[in-house]
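K.L.:
Quick one: sequence plus predicted model below, questions after.
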Amino acid sequence: MDRFTIKFRRLLLAWLHRSRSGPVSFLRRFSYKEIKRATDSFHRIFYTNSRGAAYKARFQDGEVALVREVQTLNVKKDAFYREVQLLGRLHHRHLLALRGFSTGRKRLLVFDNIENGSLKEHLNDPLKTPLNWKTRLQIATGVAAALEYLLLFSNPPIYHVSISSSSIMLDENFTAKVSDVGILSSVGNYVTVPNTSCSEDRMNQHCSSIIFQLGMLILELITGQSSEEGGEDLIEWIQESCLSSSVDRMIDPDLGNNYDSRELKKLLAVARLCIKTKDNPTFSIPQISRYLQKKVDVPRQQFLCPQVSFI
């Protein structure tokens, strides 16, 4: 065996060892100081929840990214690396891709480009250009597609996902990206639900919670009202026996009259089904996703008003 072959063999074995030993083989390891500088000492906060905070980061090369803190209790380093490996292997057009991580003073995940910030900013900041109707429809459809991927096609399935306008990021083309996805629970264990699925014939409490969040997000896209601050009012409105008399005053003023009324009614029908799912899970993520992509019909018994069909 010549020296070139021996050297190549050593390099190959070293690469194989790295790829099996941790996430550093395919993800970048950021230094704590680098992330601290990019987030202005962790002052550029996008959102916070029980698992930690998410920050806007602008690195020296000009790229804007999202940095999410992993703040679960009793998380061992091996468990954190496992989460990094699994999240790093998720690939979907409507998921924010993981670029790297840091294990310094904080355990941090660094996600892909978020040039246009969060959905919440564009719905509530008067200085931002209002989102048009087509973009809002695409956001709803994209988020549903991402959820279908996480629940049905990811291995293992991802049940720990938070859907809100704060955690939905928009890239340079205003493509929606789900950012708050995790494997670990709040006590540092893996979130697993044995023998359950979010398919049409098998529903569970994890899926119903996610579907409910999707319904609230759709309501926020329609009304422009924050589901995080005034969610009770939105729920009460969508549960009215007939919505036809109040739709005009509830729709986001930023839309004006620039929307398709038929599409609006269909989207309201989906939102209502999602909200009802919280207590009686009978409608699945695949059904919602396919309906939003105009592949199936909402059942006739789910019409929003006895006299006026919204479908």
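P.N.:
On my side now, so go ahead.
K.L.:
buried set for stretch 43-56?
P.N.:
Across stretch 43-56, burial judged by 16 or more other C-beta atoms under 10 Å covers 46-47, 51-56. Every C-beta, even on glycine, is put in place using the N, C-alpha and C of the backbone.
K.L.:
Quick one: mean pLDDT over it.
P.N.:
Mean per-residue pLDDT for stretch 43-56: 87.
K.L.:
Name the residues that touch it?
P.N.:
The contact list for stretch 43-56 (C-beta atoms under 8 Å, 6 or more residues apart in numbering) reads 39, 42, 57, 64-72, 114, 117-118, 120, 162, 164, 166-167, 179-180, 182, 184, 186.
K.L.:
on that earlier part again, show me which of the buried residues of stretch 43-56 is closest to Val247.
P.N.:
Closest to Val247 out of the buried residues of stretch 43-56 is Tyr47 (29.2 Å), distances taken as C-beta to C-beta.
K.L.:
who does that closest one bridge with?
P.N.:
Beta bridges link Tyr47 to Ala54, judged by DSSP bridges.
K.L.:
which helices and strands does the helix or strand Leu219 falls within pack with?
P.N.:
Here Leu219 sits within helix 205-223, counting by DSSP states H and E. For helix 205-223, the packing partners by 3 or more C-beta pairs under 8 Å, 6 or more residues apart in numbering; DSSP states H and E come out as helix 133-148, helix 231-238, helix 261-276, helix 285-292.
K.L.:
From Gln71, how far out is the most centrally placed residue in the chain?
P.N.:
When C-alpha atoms, centre = their mean is applied to the chain, the residue found nearest the centroid is Val178 (2.4 Å). According to C-beta to C-beta, to the nearest Å, Val178 and Gln71 sit 19 Å apart.
K.L.:
And Asp171, by the same measure?
P.N.:
Note on Asp171: its distance to Gln71, by C-beta to C-beta, is 26 Å.
K.L.:
now swap in Lys33 and tell me
P.N.:
Distance of Lys33 to Gln71, given as C-beta to C-beta: 20 Å.
K.L.:
tell me the contacts of Lys276?
P.N.:
By C-beta under 8 Å, 6+ apart, Lys276 lies in contact with 239, 283.
K.L.:
Can you give me the pLDDT of it?
P.N.:
In this model, Lys276 is scored at 80, pLDDT.
K.L.:
Equivalent analysis for Arg10, please.
P.N.:
Looking at Arg10, its pLDDT reads 60.
K.L.:
Give the bridge partners for Leu95, please.
P.N.:
If you apply DSSP bridges, the partners that Leu95 bridges to are Val178.
K.L.:
So what's the residue count around it?
P.N.:
Neighbours of Leu95 under the rule other C-beta atoms under 10 Å: 25.
K.L.:
Can you report how many residues lie near Leu170?
P.N.:
20.
K.L.:
Skipping its backbone neighbours, what lies nearest Thr223 in space?
P.N.:
What sits nearest to Thr223 in space, not counting adjacent residues and going by C-beta to C-beta, 6 or more residues apart in numbering, is Met250, at 5.2 Å.
K.L.:
The one you found and Trp237 touch, don't they?
P.N.:
Yes: the pair Met250 and Trp237 qualifies as a contact (C-beta atoms under 8 Å) at a distance of 6.3 Å.
K.L.:
could you point out where the stretch 201-311 of the chain is predicted with low confidence?
P.N.:
201-206, 228-231, 241-245, 277-282, 295-311 (pLDDT under 70).
K.L.:
again, only this time at 80
P.N.:
For the stretch 201-311 of the chain, the stretches flagged by pLDDT under 80 are 201-206, 227-233, 236-249, 277-283, 294-311.
K.L.:
Assign a three-state SS to the nearest residue to Tyr149 once chain neighbours are set aside, would you?
P.N.:
Leaving aside its sequence neighbours, Tyr149 sits nearest to His92 (C-beta to C-beta, 6+ apart; 4.6 Å). Secondary structure for His92, judged by DSSP: H, G, I helix; E, B strand; the rest coil, is coil.
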